[in-house]
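*Asks:* pasting the structure only:
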């Protein structure tokens with residue numbers, strides 16, 4: 001090979017290297033852009049006035065500041081979040097009560113706030129009664145001055161179906177429900193995930209069903225199932241989850257049975273490798289502001305989460321009472337049956353939930369104080 005040929009080959013090799021490198025860089029940046037792009041509009045963020053963490057005195061100069069030694073020591077042995085997630089994440093999870101393929105209408109049939117701790121790791125799920133009579137922002141102009149409604153109506157009023165869309169924000173029903181929970185109870189959601197009944201059934205069917213232990217006739221009511229273990233498809237699992245024969249608290253227990261069964265199935269060896277594909281196949285059939293990267297982080301955390309570190313919490317039943325609200329509305333001539341409670345007490349529980357101190361894990365430390373609410377939490381068996 002002549003010197004000229006060697007020179008030409010070297011130049012061509014360098015050009016090829018640059019080309020391959022450019023393609024690789026473009027592919028990487030394209031994936032990163034896709035992975036970091038939310039799948040839906042973000043939740044609205046209310047303006048907050050935060051006090052200054054530190055204020056210089058008038059006598060402090062910039063020269064003095066430059067010579068001041070740091071007084072804050074940063075621990076070096078702090079556990080890092082798993083799976084590349086943030087330390088904690090709070091999710092508003094909504095089960096819409098429509099069987100259609102869209103999200104034009106529908107009440108918030110199931111409303112739960114999920115606190116995900118990527119450090120411990122731990123997941124706590126707090127259920128909100130759907131019939132709570134709450135203040136709902138942005139609806140008074142559309143309801144002749146009425147600014148209250150059932151909590152499950154907040155989602156409906158934000159949806160884009162004809163006659164609704166009571167506020168103009170891209171986050172629609174999830175956003176209005178999130179604001180309602182913040183206004184009344186101090187819930188601070190980072191993200192939302194809304195699933196209609198048809199998608200719920202499809203998810204169950206996609207993982208080849210779940211195994212649920214039906215413990216009594218009340219749980220089996222209107223499902224056609226005898227007491228005992230059963231392998232359920234999507235439609236049957238939905239019947240169990242929606243069964244409220246014995247009231248709202250028994251309904252929550254039925255939902256927890258289904259959720260625990262789903263968790264067990266999704267983390268089985270035969271399914272765990274299919275999680276990214278499952279997420280990808282259903283991401284267009286849900287309402288969410290998650291990014292693909294965040295969904296992958298949650299899927300990753302699920303494989304590392306001890307089953308005993310999943311807690312389902314409900315407010316103590318004795319805090320609630322049923323009431324009838326009457327108002328000038330021909331659609332409700334006898335009034336509307338609602339749930340009432342002392343919101344200041346509920347806010348206290350939410351504050352503890354936000355901080356990760358309630359409900360506590362089963363292996364409580366001797367210094368923990370048990371409250372009545374601890375009896376209203378349950379864990380996957």
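*Replies:* All right, it came through fine. In this text, all values refer to a predicted model and were calculated from it rather than measured experimentally.

*Asks:* any low-confidence regions in the stretch 151-300 of the chain?
*Replies:* Applying pLDDT under 70 to the stretch 151-300 of the chain flags the ranges 245-246, 272-277, 279-281, 283.

*Asks:* Now do the same contact list for residue 287.
*Replies:* If you count contacts by C-beta atoms under 8 Å, 6 or more residues apart in numbering, residue 287 has them with 40, 94, 103, 172, 173, 174, 192, 193, 194, 195. (Each C-beta comes from the backbone N, C-alpha and C, glycine too.)

*Asks:* contacting residues for residue 191?
*Replies:* 43, 89, 90, 91, 92, 288, 289, 290, 294.

*Asks:* How many neighbouring residues does residue 91 have?
*Replies:* 22 (other C-beta atoms under 10 Å).

*Asks:* Could I get the pLDDT score of it?
*Replies:* What the model reports as pLDDT for residue 91 is 96.

*Asks:* Just confirm it contacts residue 116, I think it does.
*Replies:* Yes. At 6.7 Å, residue 91 counts as touching residue 116 under the criterion of C-beta atoms under 8 Å.

*Asks:* Okay, buried residues for stretch 132-151 please.
*Replies:* For stretch 132-151, a neighbour-count test (16 or more other C-beta atoms under 10 Å) marks 132, 133, 134, 136, 137, 138, 139, 143, 149, 150, 151 as buried.

*Asks:* got JSON lines for those residues, with secondary structure and distance to residue 186 too?
*Replies:* Below are those laid out as JSON lines (DSSP: H, G, I helix; E, B strand; the rest coil; distance: C-beta to C-beta, whole Å):
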{"residue": "132", "secondary structure": "strand", "distance to residue 186": "14"}
{"residue": "133", "secondary structure": "strand", "distance to residue 186": "17"}
{"residue": "134", "secondary structure": "strand", "distance to residue 186": "13"}
{"residue": "136", "secondary structure": "coil", "distance to residue 186": "16"}
{"residue": "137", "secondary structure": "coil", "distance to residue 186": "15"}
{"residue": "138", "secondary structure": "coil", "distance to residue 186": "19"}
{"residue": "139", "secondary structure": "coil", "distance to residue 186": "20"}
{"residue": "143", "secondary structure": "coil", "distance to residue 186": "25"}
{"residue": "149", "secondary structure": "strand", "distance to residue 186": "19"}
{"residue": "150", "secondary structure": "strand", "distance to residue 186": "19"}
{"residue": "151", "secondary structure": "helix", "distance to residue 186": "14"}
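
*Asks:* Mind picking the lowest-pLDDT entry from these?
*Replies:* Among those, pLDDT bottoms out at residue 143, giving 88.

*Asks:* what sits against that one?
*Replies:* So residue 143 contacts 149, 166 (C-beta under 8 Å, 6+ apart).

*Asks:* before we move on, the earlier item: tell me which of the contacts of residue 287 fall in helices.
*Replies:* Those of the contacts of residue 287 mapping onto helices are 172, 173, 174, per DSSP state H.

*Asks:* Which parts of this protein belong to which domain?
*Replies:* Residue ranges for the domains of the chain, per automatic domain parsing: 86-195+274-363, 197-266.

*Asks:* who are the neighbours in contact with the residue nearest the centre of the chain?
*Replies:* For the chain, residue 91 is the residue whose C-alpha lies nearest the centre (C-alpha atoms, centre = their mean; 2.6 Å). The contact partners of residue 91, taken as C-beta under 8 Å, 6+ apart, are 113, 114, 115, 116, 189, 190, 191, 192, 193.

*Asks:* Any chance of CSV for those residues, columns distance to residue 203?
*Replies:* Shown next, in CSV, are the contacts of residue 91 (distance: C-beta to C-beta, whole Å):
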residue, distance to residue 203
113, 20
114, 16
115, 22
116, 19
189, 22
190, 22
191, 18
192, 17
193, 12
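
*Asks:* Now do the strands in the stretch 1-150 of the chain.
*Replies:* For the stretch 1-150 of the chain, applying DSSP state E, counting those that start in this stretch gives strands covering 88-96, 108-117, 122-127, 133-135, 148-150.

*Asks:* wait, doesn't residue 195 sit right on residue 97?
*Replies:* No. With contact defined as C-beta under 8 Å, residue 195 does not count as touching residue 97 (10.9 Å).

*Asks:* Any idea how many residues pack against residue 324?
*Replies:* Neighbours of residue 324 using other C-beta under 10 Å come to 10.

*Asks:* And residue 231, by the same measure?
*Replies:* 13.

*Asks:* Confirm that it sits in a strand.
*Replies:* Yes. Secondary structure assignment places residue 231 in a strand (DSSP: H, G, I helix; E, B strand; the rest coil).

*Asks:* quick one: contacts for it?
*Replies:* Contacts of residue 231 by C-beta under 8 Å, 6+ apart are 209, 210, 211.

*Asks:* Emit the ChimeraX select command for whichever of these are buried.
*Replies:* Buried residues among the contacts of residue 231 (16+ other C-beta under 10 Å), as a ChimeraX selection:
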select :209,210
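
*Asks:* Of the contacts of residue 231, which belong to strands?
*Replies:* 210, 211 (DSSP state E).

*Asks:* quick one, phi psi at the closest residue to residue 120 other than its chain neighbours?
*Replies:* Closest residue to residue 120 in three dimensions, ignoring its sequence neighbours and counting by C-beta to C-beta, 6 or more residues apart in numbering: residue 309, at 6.7 Å. Backbone torsions of residue 309, given as degrees, to the nearest 10, read phi -100, psi 20.

*Asks:* I'd say residue 309 and residue 122 touch.
*Replies:* Yes. Counting by C-beta under 8 Å, residue 309 touches residue 122, with 4.5 Å between them.

*Asks:* Quick check: neighbours shared by these two?
*Replies:* Overlap of the contact sets of residue 309 and residue 122 (by C-beta under 8 Å, 6+ apart) consists of residue 361.

*Asks:* who wins for most neighbours among the contacts of residue 191?
*Replies:* That'd be residue 92 among those, by other C-beta under 10 Å, with 26 neighbours.
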